[in-house]
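Enquirer: Whatever this is, show me its structure:
(one chain, ligands or ions: 2)
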Amino acid sequence: MSLVSHLECTRCGRHFEPGKIYNLCPCGSPLSVRYNLKPLASAHVRERLAGRVPSLWRYREVLPVAREESVVSLGEGFTPLIHARHLGEKLKIPNLYLKDESFNPTGSFKARGMAVAVSMARELGIEKLAVSSAGNAGGALAAYAAKAGLRALVFMPEDTPRLNQLECALLGAEVVLVPGSIKDCARAMRERVAAENWFDCSTLREPYRVEGKKTMAYEVYEQLHWRMPDVIIYPTGGGTGLVGMWKAFGEMQEMGWIEQRRPKMVAVQSTGCAPIVRAFASQKESADEWPEPKTIASGLRVPSAIGDFWMLRVLHESRGSALALDDRAMLGGMRELAETEGILTSPEGGAALAALRRLLTDGYIAGVETIVLFLTASGYKYVEPLAAIGESVRRE
Ligand SMILES: *Cc1c(COP(=O)(O)O)cnc(C)c1O
Ligand SMILES: [Zn+2]
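Expert: Ligands and ions are numbered 1, 2, ... in the order given. The predicted structure follows:
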């Protein structure tokens, strides 16, 4: 089923043969999966998609799983792309779309990456999976590990939202709470992982979560009836989705689905943790660590990312942009999405809308363009931010 030709280091370019267990390249950078896409160029895959399963597995030719029976699925992907008519009218953007990722298992798009990573773990005979997570990644790993009958270990900072902690425990993972930031957490985890031979599934430290996340790009293109959007606005933490989607557009080009033009990629972060925005603004190729990250958007609380150079490369190549919003603006965005489109999204989704408003004001975006906002998780997991919005409504 799979057309993987090899894996390739995203920094030094070294090649690795498929079918083996990998974390990072010896040079310390993430590996990326490469496919032999030539047979697909004339295989009319695009046309054949119509009758397939409504999950990310409909794109199986460009996924790394070799054996059908390895697939661990809870119905992830193929989330709705919603035409935001009211919001679009208000903002004078007739072609505004919302990719509502709350429909994924465990309520966030982390399910996409973990579905593919856990499927690959099963295929490769890995039995003990670990992750450090300040939000949704832990729950997603726990769910897929449970479904696959594998063990899950989740390290979380003590201030991780309560619901994220609870879901991990209920889904059968061992949860370890660590004082301090996600960095301290990752350090504590690495000791345990090495001592007890767990497989590290943390962001970009294994090659397959990106493959699951990249399917968002295939879906957007298919759901827009084989048209490319002009701009993609994406709440960015570790960057898996940003680099994954860009990779997918490259694959589509290679298969002859699309021409040269790809969307502009816009990374959205928090003013309380904006390492990529800062590096982009000063035209650097890598990002310095953000001291004392603080934001209600737990998915964006990533002070230093191992894929920083990869994200910055994508922003540059796509002639994209990067901007940061504060918590207040995110809450405002959440409320506006709820009132105009009936969607309770997470603070990260609220940030995407707040970013769009800013880009309109700055003139980066014109109203004639087709724009896709990523609403990366369900608001129902974010009790504290929702309560804060509720308070502000009551005061008015
Ligand atoms: C993890 C997460 C993000 C950031 O995703 P990356 O692809 O790792 O940058 C954004 N929003 C939510 C809700 C998340 O859980
Ligand atoms: Zn390398």
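
Enquirer: Relative to ligand 2, which residue of the stretch 101-250 of the chain is the closest?
Expert: Distance from ligand 2 to each residue of the stretch 101-250 of the chain (C-beta to the ion) is smallest for Pro207, at 12.2 Å. C-beta: built from backbone N, CA, C; applies to glycine.

Enquirer: Just say helix, strand or coil for that residue.
Expert: Under DSSP: H, G, I helix; E, B strand; the rest coil, the three-state class of Pro207 is coil.

Enquirer: and what of Glu369?
Expert: Glu369 - assigned by three-state DSSP - is coil.

Enquirer: is stretch 29-47 anywhere near ligand 1?
Expert: No. Shown here: stretch 29-47 not in contact with ligand 1 (C-beta under 6 Å from any ligand atom), separated by at least 12.1 Å.

Enquirer: Tell me which helix or strand Glu251 sits in.
Expert: Glu251 belongs to helix 240-254 when assigned by DSSP states H and E.

Enquirer: How about that helix and ligand 1, any contact?
Expert: Yes. Helix 240-254 comes into contact with ligand 1 (C-beta under 6 Å from any ligand atom), by way of Thr240, Gly241.

Enquirer: what distance separates that helix from the centre of its chain?
Expert: Chain-centre distance of helix 240-254: 12 Å, with C-alpha atoms, centre = their mean, to the nearest Å.

Enquirer: List of residues touching that helix?
Expert: When contacts are defined by C-beta atoms under 8 Å, 6 or more residues apart in numbering, helix 240-254 is touched by residues 32, 35, 37, 41, 62, 109, 113, 203-204, 209-218, 221, 228, 232, 234, 236, 258-260, 262-263, 265, 267, 307, 310-311, 314-315, 317-318, 374, 376.

Enquirer: mind running it again at 6 Å?
Expert: Outside helix 240-254, the residues that touch it by C-beta atoms under 6 Å, 6 or more residues apart in numbering are 37, 62, 113, 203, 209-210, 213-214, 216-218, 234, 236, 258, 262, 267, 310-311, 314.

Enquirer: Stretch 298-316 too?
Expert: 10, 30, 134-135, 161, 204, 235, 237-239, 242-243, 246, 265, 269-270, 273, 276, 279-280, 285-287, 289-290, 293, 295, 322, 348.

Enquirer: Selecting buried members of these in PyMOL, what would you type?
Expert: Here is the PyMOL command that selects the buried residues among the contacts of stretch 298-316 (16 or more other C-beta atoms under 10 Å):
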select buried, resi 10+30+134+135+161+204+235+237+238+239+242+243+246+265+269+270+273+276+279+280+287+290+293+295+322+348
